[in-house]
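# Model the following, please.
(3 chains)
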Amino acid sequence: MRNGKPPLIDSIYWRGAIAIVVFLLLWEMGSLSKVWIKWESFEWLRNTLTAMGFKPAYLPWVGAIPAPTEVLHAWQGVIRDPGYWQSWYMSLFRVMAGFIAAMLIGIPFGLLLAVSRTAHGVGFPVFEVLRPIPPLAWVPASIIFWPTQEMSIAFVTFLGAFYTIVINVVGGARAIDLRYFQAARSMGSSQRDIFWRIILPGTLPSIMVGSAVGMGITWEVVVAAEMISGGGSQIGGTSGGGLGFFIWNSYVGGSYEQIVVGMISIGIAGFLSSELLRWLGHRVTPWLRLR
Amino acid sequence: MTQQDLEAGVPHADVLEIYRRTVPFQAVPEILLGKIAHLGNSAFYAAGEIIYKTGDDANDICIIVSGRVEHELEPQAQARRPLKVLEAGDVFGWAALLSKYPRRLAKAICTEQAEVIRINGEKLLRVLETDPAAGDHVMSQFATMIARDYTVPGLGAMLRKIHRRIHAGDVQGMNLTLYRYQQWLKSPRPYLMVVGFTLFVGFWYLAVEVWKLPRFRDMPGITAVVKEWLNPDPAYGLSIYTPEYYKHIGVSIWRVTQAFFLATVLGVSVGLMLGWSKKFKEYVFPVFETLRPIPILAWVPLAIVMFVATESAVIYLTFLASFFATALNTMLGVESIDESYVRAACCLGAKRAQVFRHVIVPGALPFIFTGLQISVGVSWFSLVAAEMVSGQYGLGYVINTSYTMVRYPTIVIGMITLGFVGYITSAMVRAMGDHLMKWRTRELALGAQ
Amino acid sequence: MAAAMQPEAAVSTTTRGAISIQDVVKIYDPHGAAVMAVDHCSLEISAGEICMVVGPSGCGKTTLLNAIAGFHEITSGRILLDGEVLCSTEKPKAEPGSDRIVVFQSGALFPWKTNLENVAFGPLVQGTLSRAEATEKALDVMADAGLSGVEHNFPGEISSGMRRRVEIVRALMNNPKVLLLDEPYRALDSLTKSVMHEALLEIYYKNKVTIFFITHDLEEAIFLGHKVAIMTTRPCRPKKILTVDIPHPRDYSVLTSRRFRELMEETNEAVHEEAIKAFAAGEKEG
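Residues are numbered from 1 along each chain as shown, chains lettered A, B, ... in the order given. The predicted structure is shown next:
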């Protein structure tokens, strides 16, 4: 944009690749520093770090993280464990359950708030008062309320996506150009037509935006809920509590490499679900593709 | 004003045409022109009759509909050509609009029979104030006319200013708030809101404490919560009278403040760099995007391992969430800036650093503040998670321990407090943004009228 | 109407700002498929002249303006300003500078600065005036252009016609040699446009600058210009150069004069032909 000359497409790729490789190298070196560096020869540095409140055994922060090679090694071990895949399945299942519930309830609720002034007046202030309460603060209340832990996790997950979806639906429906309604009326549309042919498609782009954001929050909430509730249901046995529980369990068990394996797994899962959603959004809003 | 509003039908099209033909009223919106036309009174003068002479009180401005008027400015006006013959469509008597000269500066005599529309200057200003943008335009047209047609230099600057009646931003901001508040009270919304809250609270009360519905009866009831909250001697140890309560709030706020501050400083600078330098983005963004999909909460155990002190681990987690939101939005903000602003600044001689300071930073500000709004939200979100998993003190900790210690009403107290504090902090960020972006709030306020 | 009544405020003369466009070629090559935007275009603009460049939207005239301003490279040829090379085959991109100021199609007043700050921006960043001096000069210049009363408003609060005037005043604050206007009145309604034309001429009579004005409105071109260059559509090159022999200072009565109508008739055909070509080629607006 800034330059008249079109950038070489490959330069973006190799620069990105270099950066990631450098990042991994730094990580590797940082975490292996405790092996490589003879700390005895750096007494002064060690004293300073200790005085600053860090552990004297290794470099601060990065020294405590397991190295990428170790992580890769641990992953190879875990990949054959069905419990690991069970965790994937459990987390994905919870995310989808909460997310779909949020869509099914959030979209009609949002449209209702957008279409009816009375519903907006009655419902929106209560909604706005509840919204600032972070979803995770609902965890204990949810556990008390719902009969099974599985349901309470689903409820908190649902809450996470619900707020963003509703906000986006209301905003999107209200932002529809008034002229579309006037045009439709002048061509003799009924209220029903206006709803199905203008309000719904007009809101679709913001529904998709809200869903994408909601999906991110859903993953956050699922992971946290799994950690807090200590694995949730008993369906999958001890290792079937989802990826969040997988991480927490690895922490408790002291296998730090597995923590990172779990984190990357969740990253991949979250990325895949957002991509799926983006692809879906692309499909349902073909008129935006030309932009 | 209101009386004229009531009467303001559409004046005759021919009359409007006369106004539109004059210099000051060209390009005035139809509605405003109608209001102005309503102020005018026709007057007829015979040949040789004096319309006004130098030193008279100046109340009206005049538009010539037909006939000729000779207009002679007094020497003090320092006109380059004091004498001017005016014809149909010309405007004179503009002294009525000057702030320092409430008296005539010229002598106006009819040279042939003339029809003149007279408009009271004071009333004209009031009408123009109803549409300040168009009003400014009219006044600047008058300034141009005085300088150009009447060859009087400098008097244009003495034209009265159009006052904006409702104006966001300045001292009048208070009036605006008050005005909106009054409008709000007149609408059905407050009553609907009361209905909404009554339904919500009523259901909570009835379901838990009166009907004792299954599942609901285990929940803390509203009366129990309120009683506990306002109790000087709370059963479970936490109410507005106990210093512990404020300590928890204080600790949470202090953690969020540190994390938010750090995330803002780092996030805004990284975001600006990402948007401003293509090379930097090509190197850094892939790493950024690789780390971003990992949910912040998945970092919890690793953060505990990485940081010796739990306090730093909690702050780190809170920071991480805010950082990504702020950096990403700042980058988008820089990229959204219209190329022509950058080019205009270059044209006007700005160096690269000046472009950055005068164009990139202010131009990205709206997006930055959107990012900060999100950032405050997610920082509370991850703070609660971090406090629930690890850490002592803080509202997340209150909620979690109250659960394990079976102090159910305290859970709700913690939740409501969290919601309240979270709302206040994001309102503060919004107010800060409005303050820094006056240009934007004013634009929006005008658009809303 | 007024300009004609003041012969003593006659056109001042200047020797600055002669532009010479010599054999300029611009080829865009974004995805391997070369598109020729400007094809061996030559145009001489003498100092203090208003040169109107007329052509259908997207014909490549903005490319020419961008080359003079220094936003884009040229492929070959050269452009001179007062005999000095701005850009050439060897040095394809000119340095943007305050001697050639652009007034943009969509307007580029900084919305986050007040009108006064916008006008004072140039001398301030160049370091030629102190803040107080720049502010004082800006106030003077604005009052002179009939813009008193809106100094402390933000551009978003005033009408679009006023914004254009503020933008032109902002440019003139820097005492430029050339003013490059890229369809500045495109978005304005015809009433405002007529006011703006007279205002522009008035500013021009006071500050003698060379004006390079891009438009697709032939009437506007003949009314304002000393010289009207009608461009072919992609690739862009002068098809016909018309010298408007209606004497300056002009006012709106020119529009109904016989000579004006003759000139319109003479050129209308050429412009229309290019418009049809551009339409058939399916060029997007812009």
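# Does A:Ser87 touch A:Asn249 like I think?
No: assessed by CB atoms under 8 Å, A:Ser87 is found out of contact with A:Asn249, at 9.2 Å. Bear in mind the C-beta positions are built from the backbone N, C-alpha and C, glycine included.
# So for these two, which sits in the more crowded spot?
A:Ser87 (28 against 23; other CB atoms under 10 Å in any protein chain shown).
# Report pLDDT for the more buried one.
The model reports A:Ser87 with a pLDDT of 87.
# State which one residue of the stretch 101-250 of chain A is found closest to chain B.
Relative to chain B, the nearest point of the stretch 101-250 of chain A is A:Gly121 (2.8 Å; CB to the nearest CB).
# again, but for the stretch 151-291 of chain A
Closest point on the stretch 151-291 of chain A to chain B, by CB to the nearest CB, is A:Tyr251, at 3.5 Å.
# How many residues are close by that residue?
20.
# helix or strand for it, which one?
helix A:243-253 (DSSP states H and E).
# buried residues in that helix?
A:Leu243, A:Gly244, A:Phe245, A:Phe246, A:Ile247, A:Trp248, A:Asn249, A:Ser250, A:Tyr251 (16 or more other CB atoms under 10 Å in any protein chain shown).
# So which of those is the closest to chain C?
Set against chain C, the nearest of these by CB to the nearest CB is A:Leu243 (42.3 Å).
# pretty sure the closest one is in contact with A:Glu226, am I right?
Yes: assessed by CB under 8 Å, A:Leu243 is found in contact with A:Glu226 at 7.3 Å.
# got any residues that touch both of these two?
Residues within reach of A:Leu243 and of A:Glu226 at once, by CB atoms under 8 Å, 6 or more residues apart in numbering or on different chains, are A:Ser91.
# Pull the helix or strand of chain A with the lowest mean pLDDT out as PDB, backbone CA atoms only.
Each helix and strand of chain A was given a mean pLDDT (mean pLDDT, DSSP states H and E); the minimum falls on helix A:43-51 at a mean of 75. The C-alpha trace of helix A:43-51 is given here as PDB (Å, rounded to 0.1, in the frame of the first residue of the first chain):
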ATOM      1  CA  GLU A  43      28.400 -15.600  40.700                       C
ATOM      2  CA  TRP A  44      27.800 -11.900  40.500                       C
ATOM      3  CA  LEU A  45      24.900 -12.300  38.000                       C
ATOM      4  CA  ARG A  46      23.400 -15.100  40.100                       C
ATOM      5  CA  ASN A  47      23.600 -12.900  43.200                       C
ATOM      6  CA  THR A  48      21.900 -10.000  41.500                       C
ATOM      7  CA  LEU A  49      19.100 -12.200  40.200                       C
ATOM      8  CA  THR A  50      18.600 -13.800  43.500                       C
ATOM      9  CA  ALA A  51      18.500 -10.400  45.100                       C
END
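# is chain B contacted by it?
No: with CB under 8 Å from any CB of the partner chain as the criterion, chain B is not reached by helix A:43-51; the gap is at least 10.2 Å.
# A:His73 belongs to a helix?
Yes: A:His73 forms part of a helix when assessed by DSSP: H, G, I helix; E, B strand; the rest coil.
# list the buried ones in stretch A:179-199?
Residues of stretch A:179-199 classed as buried under the neighbour-count rule (16+ other CB under 10 Å) are A:Ser189, A:Ile194, A:Ile198, A:Ile199.
# Filter the residues you listed down to the ones in strands?
Of those, none are assigned to strands by DSSP state E.
# Which of those fall within helices?
Members of the buried residues of stretch A:179-199 lying in helices (criterion: DSSP state H): none.
# how far away is B:Leu266 from chain C?
As judged by CB to the nearest CB, to the nearest Å, B:Leu266 and chain C stand 24 Å apart.
# Does that residue lie in a helix or a strand, and which?
Take DSSP H and E as the rule and B:Leu266 turns out to sit in helix B:243-276.
# Now do the buried residues in that helix.
Buried residues in helix B:243-276, counted by 16+ other CB under 10 Å: B:245, B:248-249, B:251-253, B:255-256, B:258-260, B:262-264, B:267-268, B:270-276.
# can you check stretch B:337-349 too?
B:Ile337, B:Ser340, B:Tyr341, B:Val342, B:Arg343, B:Ala344, B:Ala345, B:Cys346, B:Cys347, B:Leu348, B:Gly349.
# Report the rounded mean pLDDT for that stretch.
Rounded mean pLDDT across stretch B:337-349 is 90.
# Next, the residues that contact that stretch from outside, please.
A:1-2, B:354-355, B:358-360, B:363-364, C:69-71, C:96-98, C:100-102, C:104, C:106, C:108, C:110, C:121-122, C:125-126, C:170-171, C:174.
# The chain: strands as residue ranges?
In the absence of a named chain, chain A is used. Using DSSP E, strands in chain A do not occur.
# hm, I was asking about chain C
Under DSSP E, chain C gives strands at C:19-28, C:35-45, C:50-54, C:76-81, C:84-87, C:100-103, C:178-182, C:210-215, C:227-231, C:238-243.
# who does the last one touch, helix- and strand-wise?
By that I understand strand C:238-243. strand C:35-45, strand C:227-231, helix C:258-281 (3 or more CB pairs under 8 Å, 6 or more residues apart in numbering or on different chains; DSSP states H and E).
# Buried deepest among these, which one?
strand C:227-231 (a mean of 23; mean count of other CB atoms under 10 Å in any protein chain shown).
# That one: partners in the sheet, and parallel or antiparallel?
strand C:50-54 (parallel), strand C:238-243 (antiparallel) (DSSP bridges).
# how big is the angle separating the last one from helix C:258-281?
Here strand C:238-243 runs at an angle of 170 degrees relative to helix C:258-281 (axes from the mean of the first three to the mean of the last three CA atoms, to 10 degrees).
# Give me the contact list for strand C:238-243.
C:41-43, C:222, C:226-232, C:263, C:266-267, C:270, C:274.
# Could you pull up the mean pLDDT of it?
Per-residue scores along strand C:238-243 average to 83.
# Which parts of that strand count as buried, going by neighbours?
Buried-residue list, strand C:238-243, by 16+ other CB under 10 Å: C:Lys239, C:Lys240, C:Leu242.
# C:Gly225 is in contact with C:Val53, correct?
No: contact criterion CB under 8 Å: C:Val53 and C:Gly225 do not qualify, at 9.1 Å.
# who's more crowded, the two?
Legend: neighbour count by other CB under 10 Å for C:Val53 and C:Gly225, higher for C:Val53 (28 against 22).
# which residues touch the residue of the stretch 1-150 of chain C found nearest chain B?
Here the residue of the stretch 1-150 of chain C nearest chain B is C:Gly146; by CB to the nearest CB that distance is 3.4 Å. Remark: with contacts taken as CB under 8 Å, 6+ apart, C:Gly146 is in contact with B:Ser140, B:Gln141, B:Ala143, B:Thr144, B:Ala147, B:Gly156, C:Arg165, C:Ala199.
# coming back round to it: just put the helices and strands packed on strand C:238-243 in JSON lines and tack on mean pLDDT.
Shown next, in JSON lines, are those (pLDDT from 0 to 100):
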{"stretch": "strand C:35-45", "mean pLDDT": "84"}
{"stretch": "strand C:227-231", "mean pLDDT": "88"}
{"stretch": "helix C:258-281", "mean pLDDT": "83"}
